[in-house]
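Participant: Return atomic coordinates for the entry below.
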Amino acid sequence: MRKESEGVTENLLDSARKEFLQYGFHDASLRRISADSGVSTNSIYTRFGDKNGLFTAIVKEAADELMAIYSDSIKKAGEATDISRAEDAGDEGTDLVLEYIYRHQEEFKLIFCCSAGTEYETYFDRLAAKEEYYYKQFAKRFSDDGHPIDDFFIHVYCRNGWQYVYELITHDKSYEEAKEFMANVRAFNYAGWQAVIGMKF
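Facilitator: Numbers count the residues shown, from 1 in each chain. Below you'll find the model as predicted:
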C-alpha cells in the first residue's frame, strides 16, 4: 500500500510540474492537475494543503540545497586571505552552482520563471542579496583609495550576475553551452574588476 501511495504521489508531482511549467503558478489549475494525474482535488488538498503547498513540494529541496551550496561558496570566498584565493573560491562556487542548477533544471525554471504568487518569487532576490553582501566586503578589502566602489554599482552588478543564470535556463541552453558562456562572463568580469578596483587578479 505504501509503494502504491508513493507511486500516486510521484504521478501527481509529475503532473503538477508540467502544469506549473506550462501555465505558471498563478494560472495553474488543480482541476487540470487532478485530471492528468488521476488524483482527486480533495486528495491533493489532503496531501499538500493547497496549490502553494504542491508547488513547494516540487521545488523546496532543490531551492534549499542550492542556497546552502551558494552560501558555503560565498563564505569561502569571503574568508580568502588574498585576491587570488578569492578568485579561486569564486570560480569553484560558480562551477558548483551551475552544475547543481543543471541537475535540477526543471525545478529552477519553475523558481525563476513560474513562481509569482509563491514564497519563491523572491528567491532570485535572496541569492543576489547574498552575493551583494560578499561583493561589498570584497570591494572594501581589495580596492585601493583611488578606486572607491559605489554600493549601487555592486547592487546592480550582483543582480546582473544571477540574470546570466536566468537567461541560460529560460533559453534552454545546454550545460556545455552554459559552461562556455560562464567562462566568457568570468573573463569579462575579471577584466572589469581589474579596472574598477585598480588591482590585477
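
Participant: Could you chop this protein up by domain?
Facilitator: 1-49, 59-197 (automatic domain parsing).

Participant: Kindly reformat those domains as TSV containing mean neighbour count and mean pLDDT.
Facilitator: Where you see a C-beta, it was placed from the backbone N, CA and C, and this is true even at glycine. Below are these laid out as TSV (neighbours: other Cβ atoms under 10 Å; pLDDT from 0 to 100):
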stretch	mean neighbour count	mean pLDDT
domain 1-49	15	89
domain 59-197	16	89
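
Participant: so Val196 is in which element?
Facilitator: Here Val196, judged by DSSP states H and E, is contained in helix 175-197.

Participant: just checking, next helix/strand downstream of the one helix or strand Thr56 maps to?
Facilitator: Taking DSSP H and E as the definition, one finds Thr56 inside helix 51-78. Next in sequence after helix 51-78, counting helices and strands by DSSP H and E, comes helix 83-103.

Participant: got a list of contacts for that following helix?
Facilitator: The list of residues contacting helix 83-103 from outside it, by Cβ atoms under 8 Å, 6 or more residues apart in numbering, reads 62, 65-66, 69-70, 72-74, 76-78, 80, 108, 138, 142, 165, 169, 175, 178-179, 182, 186, 190, 199, 201.

Participant: Apply 7 Å and report the result again.
Facilitator: With Cβ atoms under 7 Å, 6 or more residues apart in numbering as the test, helix 83-103 has contacts from 65-66, 69-70, 73-74, 76-77, 80, 108, 138, 142, 165, 175, 178-179, 182, 186, 199, 201.
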